[in-house]
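Asks: Would you be able to build a 3D model of this:
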Amino acid sequence: MKRVFIIVLDSFGIGELPDAYKYGDEGSNTLKAAASSPFFSMPTMRSLGLFNIDGVTCAEKTKSPLGCYVRLGEKSAGKDTTSGHWEIAGIISEKPMPTFPSGFPEKLIDEFSKRTGRKILCNKPYSGTEVIKDYGEQSIKDGALIVYTSADSVFQIAAHESVIPPETLYSYCKIARELLTGEYAVGRVIARPFEGEYPFKRTPRRHDFSLKPFAPTMCNLIAKKGLSCISVGKIYDIFASMGITESHPIVNNDDGMDKTCEMAKKDFSGLCFTNLVDFDAVYGHRNDVDGYAKALTEFDCRLKEFIPLLKEEDLLIVTADHGCDPSTPSTDHSREYVPAIFYGKNFKGGVNLGTRSSFSDISATVLEYLGVDKENTSGESVLNEILK
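Replies: From the prediction side, this is the model:
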């Protein structure tokens, strides 16, 4: 019974990619920014080899890493959650998903308003916390939807839960998803419910409605083989449910680790795929260096608790999908390398896999380990280099 656990630390980049200048991300380094905080401490990840990865200079290396480690570049165009996860799962997006720095076209917004029967406010790039401060009261008064975007390929819809319940907001997101095709096919439509009094607070009942992957992914191939492909967190949403055999939503990082630990205590063959989104949504996009550092420290403690739950043939992979440097003026994602740590009782320690060109090497490795044909998915497996 072989099990693989992939834990994605959403936005945990480790330094700018060579083409970062094309995205305005020169100098971005999410790990280095977090490590500058007095609240940063990751002894468990250090023991696995995080600080031994090529180009990581922000903390002391360990002499005998317990895991194998690698720095992964991104082949997909962009720096989005969707394309990053799809590449982890073996498909590369050659073209960037569309963004709307001036807001969405008026004819699209008019059609969305007509279909929902709601007035639309904002329609421009905005911080998610600031937009509800600036438009929240008007939204409540008019029963209106707040539509906004960012530098990422997203169509976000905010509404107060007392006026528009989350389930209704989700139905509006599905309408938007139907409209956002062709040249408007953003990566994600995101429901952003909020509550309370001014300045308001976003609730944990966010929900993402992604494009369907344009080709079969690692998840599809694992499920086709009759194995489990378990989603923890927003993995189910990112892959538009494709290939997911079981889904467990979460409310925060801690809940995500709780549910991942629960999966480790169960018998299954296949993949448990976890996304921990707070690094990105709560701290990276808010330029909160200390908050990001504290979240990494808390994850490291939870990882220490998780590792003893691994069975003899389990493989743990800790990685990321892009960067979101909280120390730069930008509040958007950053074009960065990501780490990948491979650990298990049947796997070697101390192997530096260097720098590789694609996140999809994770997919190829997972599929080979589980005995699943990679078919037309991308990536080169490192299994022979890490297996004892």
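Asks: Could you list the low-pLDDT ranges of the stretch 101-250 of the chain?
Replies: Nowhere does the stretch 101-250 of the chain drop to pLDDT under 70.
Asks: quick one: the strands in it?
Replies: 120-125, 145-149, 154-160, 188-195, 201-202, 207-210, 228-232, 246-248 (DSSP state E, counting those that start in this stretch).
Asks: Pull out the buried positions in the fourth one.
Replies: For strand 188-195, a neighbour-count test (16 or more other C-beta atoms under 10 Å) marks 188, 189, 190, 191, 192, 193, 194 as buried. In short, each C-beta sits where N, CA and C put it, glycine included.
Asks: Show me what that strand is packed up against.
Replies: Packing partners of strand 188-195 (3 or more C-beta pairs under 8 Å, 6 or more residues apart in numbering; DSSP states H and E): helix 128-142, strand 154-160, helix 166-179, strand 201-202, strand 207-210.
Asks: Would you mind writing the CA trace of stretch 144-164 as CSV?
Replies: Only the C-alpha atoms of stretch 144-164 are listed here, as CSV (Å, rounded to 0.1, in the frame of the first residue of the first chain):
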residue,chain,number,x,y,z
ALA,A,144,-25.0,44.9,-4.6
LEU,A,145,-22.1,42.6,-5.5
ILE,A,146,-18.6,43.9,-5.2
VAL,A,147,-16.6,42.6,-8.2
TYR,A,148,-12.8,43.2,-8.2
THR,A,149,-9.6,41.6,-9.6
SER,A,150,-5.9,41.8,-9.0
ALA,A,151,-2.7,41.2,-11.0
ASP,A,152,-3.7,37.6,-11.0
SER,A,153,-6.2,36.0,-13.3
VAL,A,154,-9.2,36.2,-11.0
PHE,A,155,-12.8,37.5,-10.9
GLN,A,156,-13.6,38.0,-7.3
ILE,A,157,-17.1,38.6,-5.9
ALA,A,158,-17.6,39.9,-2.3
ALA,A,159,-20.9,40.2,-0.4
HIS,A,160,-22.0,40.5,3.2
GLU,A,161,-23.4,37.2,4.4
SER,A,162,-26.4,38.9,6.1
VAL,A,163,-27.5,40.2,2.7
ILE,A,164,-26.3,37.5,0.3
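Asks: Which residues belonging to it are considered buried?
Replies: 144-160, 163-164.
Asks: ok, residue 80 - how many residues close by?
Replies: 24 (other C-beta atoms under 10 Å).
Asks: Can you name the residues that contact it?
Replies: With contact set as C-beta atoms under 8 Å, 6 or more residues apart in numbering, residue 80 has these partners: 96, 97, 152, 153, 187, 322, 333.
Asks: Then residue 162?
Replies: 140, 195.
Asks: State the three-state secondary structure for residue 368.
Replies: What DSSP: H, G, I helix; E, B strand; the rest coil gives for residue 368 is helix.
Asks: Can you report how many residues neighbour it?
Replies: Residue 368 has 18 nearby residues by other C-beta under 10 Å.
Asks: Pretty sure residue 382 is one of the things it touches, is it not?
Replies: No. Using C-beta atoms under 8 Å, residue 368 is not in contact with residue 382, being 9.1 Å away.
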